[in-house]
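Participant: Sequence and computational prediction follow.
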Amino acid sequence: MTVEIPEDLRYTEDHEWLRLEGEEGIVGITAYAAGELGDVVFVELPAVGTALEKSQSFGVIESVKTASDLYSPLAGEVVAVNERLAEHPELVNDDPYGEGWMVRLKLADPSAVDDLQAAADYSRLVEAG
Amino acid sequence: MRQTALVEAHRQAGGRLIDFAGWEMPVQYRSGILEEHRAVRERAGLFDLSHMGELWVIGSQAGEALAGALVTDPPRLAVGRAHYSMICAEDGGIIDDLIVYRLAEERFLVVPNASNREAVADLLRERMAGRDAGVDDASLRTSLVAIQGPRAASILSAQSDVDLDALRYYSIVEGHACGIPALIARTGYTGEDGFELFVEWDRAVPLWQGLLDAGATEGLIPAGLGARDTLRLEAGMPLYGNELDLQTNPFDAGLGRVVKLDKAVDFVGRDALTRIAEAGPAKVLVGLRLTGRAIARHGNAVHRGGEQQPIGVVTSGAPSPSLGVPIAMAYLPPADAEVGTMVEVAVRQARVEAEVVPLPFYRRGAA
């Protein structure tokens, strides 16, 4: 099975992605993770202004069968959350890299993005299961 | 891990296979749990239940032997009928819940859960000792396929020599489906009309494909254990390991009517269950409707009035695809179990408000 892993994003071992936009990073979960979870029915996101450490849990994603923690790929402050997920959690399944985004962070150190996995590394991780 | 005869068919349909009671079973297919759930409520779904047990109890005293082993009274079943039953311990705790079918005067089919199959077979043999009745565990040579949903009858009747209109709920008959010899029962675990088909192990493969082909135009799709769980939860049906276990008796679970205390044959658990019937159960199984969107899960604590000490525990919880809100079942003390009572469910760090509501959450035709 092949899943979409965009080249221009960075990834964590916990299956989050981060898109760097200037000093900010947009965060979501990968298509692989969304597929593994199944139908997403609820996403619990932090309040704007929350300060997050790298790898800190920032929310919870619930599918019909299970709940999973969401982890921040990098340190930063939450400057926006995807309010649409409250009414339309299925966007995480339908468009994980687009309308299914979760939080926007003001990164503490944008250069730390280099510590995250590139698409090629992440696809090896996914293939290894 | 054991595999059913249909494991390849599941893989080809994009089935996500998980370990369920030692069996490699599909939790969902490509369509996903929500769509599979919807298909069963609105059209029809096809389930592989071959992991479940099939125990034949045969002999001139088969009926009374079962009556001594179970809480129900199988001799009262007419040939071709079935009932829901349980096997209990001496203290009334539930060892398993079962369906008992009567195929002939001296021939019964007992269907236990996959996880309890061997324990139930052993216990039946032990409890039936001294009577002219034997137990034949046919589980590993019998496949079980269920077709469930409002269109199940029309799909199956076109592929069967059985007059399904004459087959009542909780009845069983020998016949053919897709040309394959089958025991056809009008039973299920979804809250919809439907049928369960017992066939020889390998014949499940042509039966599965035959039904899927025949039902395609009616919207029949394969459905996994994930949808089976949300469907039975909406229908208020207990699941062994969640609502039912050794620490729970039939009266706790609201299933006291199943226990035939007055039957002619003495049975294991009678004394304890008689006492419980008189005193009333210590806990009550209730339905909960949660406010908000967080999902209560098995094991979450239930509180009342902001108190620290929990009053009960969630046994099953899921987003209800039919109602669009999170629902759960929980055990609460009788004093807190009245419909309309407001409680709080501990979900992670939060307390989520929930209302005690009547079971079932969903009743077919009442939407």
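Facilitator: Sure thing, it's come through.
Participant: Please identify which helix or strand holds B:P181.
Facilitator: With elements taken from DSSP states H and E, the one containing B:P181 is strand B:180-185.
Participant: Would you mark the buried spots in that strand?
Facilitator: Buried positions in strand B:180-185, judged by neighbour count with 16 or more other C-beta atoms under 10 Å in any protein chain shown: B:I180, B:A182, B:L183, B:I184, B:A185. (Each C-beta comes from the backbone N, C-alpha and C, glycine too.)
Participant: With distance to chain A and pLDDT added, can I get those in a markdown table?
Facilitator: As requested, those are arranged in a markdown table below (distance: C-beta to the nearest C-beta, whole Å; pLDDT from 0 to 100):
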| residue | distance to chain A | pLDDT |
| --- | --- | --- |
| B:I180 | 32 | 98 |
| B:A182 | 31 | 98 |
| B:L183 | 31 | 98 |
| B:I184 | 30 | 98 |
| B:A185 | 28 | 98 |
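Participant: the helices in the stretch 101-250 of chain B, which residues?
Facilitator: Taking DSSP state H, counting those that start in this stretch as the test, the helices found in the stretch 101-250 of chain B are B:117-127, B:152-157, B:204-215, B:225-234.
Participant: Okay, A:E21 and B:D213: tell me how far apart.
Facilitator: 50 Å (C-beta to C-beta, to the nearest Å).
Participant: Quick one: residues contacting B:G59.
Facilitator: B:G59 sits next to B:A65, B:E106, B:R131, B:D132, B:A133, B:G134 when contact means C-beta atoms under 8 Å, 6 or more residues apart in numbering or on different chains.
Participant: Next up, phi/psi of it, please.
Facilitator: Backbone geometry at B:G59, expressed as degrees, to the nearest 10, gives phi 150, psi 170.
Participant: so what's it closest to, chain neighbours aside?
Facilitator: B:A133 (3.5 Å; C-beta to C-beta, 6 or more residues apart in numbering or on different chains).
Participant: and the top strand by length along chain B, what does it pack onto?
Facilitator: Selection of the longest strand in chain B by residue count, based on DSSP state E, yields strand B:94-104. If you count contacts as 3 or more C-beta pairs under 8 Å, 6 or more residues apart in numbering or on different chains; DSSP states H and E, strand B:94-104 packs onto strand B:82-88, strand B:107-111, helix B:117-127, strand B:172-177, strand B:180-185.
Participant: avg pLDDT for that strand?
Facilitator: Averaging pLDDT along strand B:94-104 yields 98.
Participant: now it against strand B:82-88, angle please.
Facilitator: Between the axes of strand B:94-104 and strand B:82-88, defined by axes from the mean of the first three to the mean of the last three C-alpha atoms, to 10 degrees, the angle is 140 degrees.
Participant: circling back: who wins for proximity to chain A among the helices of the stretch 101-250 of chain B?
Facilitator: The stretch from the helices of the stretch 101-250 of chain B with the least distance to chain A (C-beta to the nearest C-beta) is helix B:225-234; that distance is 5.6 Å.
Participant: and chain A, which of its residues are near chain B?
Facilitator: On the criterion C-beta under 8 Å from any C-beta of the partner chain, chain B has as its neighbours in chain A the residues A:38-39, A:41-42, A:44, A:60, A:62-65, A:67, A:86, A:89, A:93.
Participant: Name only those of those that count as buried.
Facilitator: Neighbour counting with 16+ other C-beta under 10 Å marks A:38-39, A:41-42, A:44, A:60, A:62-65, A:67, A:89, A:93 as buried within these.
Participant: Now go through these and say which are in strands.
Facilitator: Here DSSP E is the test, and these give A:V41, A:F42, A:E44, A:V60, A:E62, A:S63, A:A67 as lying in strands.
Participant: who's the fourth one bridged to?
Facilitator: For A:V60, the beta-bridge partners are A:E44, A:D69 (DSSP bridges).
Participant: I'd guessed A:E16 sits against A:Y32; true?
Facilitator: No. Taking C-beta atoms under 8 Å as the contact criterion, A:E16 and A:Y32 are not neighbours in contact, 11.2 Å apart.
Participant: the more surrounded of these two?
Facilitator: Comparing A:E16 with A:Y32 by neighbour count (other C-beta atoms under 10 Å in any protein chain shown), the higher total belongs to A:E16, at 24 against 21.
Participant: before we move on, the earlier item: which strands and helices lie in contact with the strand holding B:P181?
Facilitator: strand B:94-104, strand B:172-177, strand B:194-200, helix B:204-215.
Participant: Out of those, the one nearest B:V284 is which?
Facilitator: Comparing those by their distance to B:V284 (C-beta to C-beta), the top pick is strand B:94-104, with 15.4 Å.
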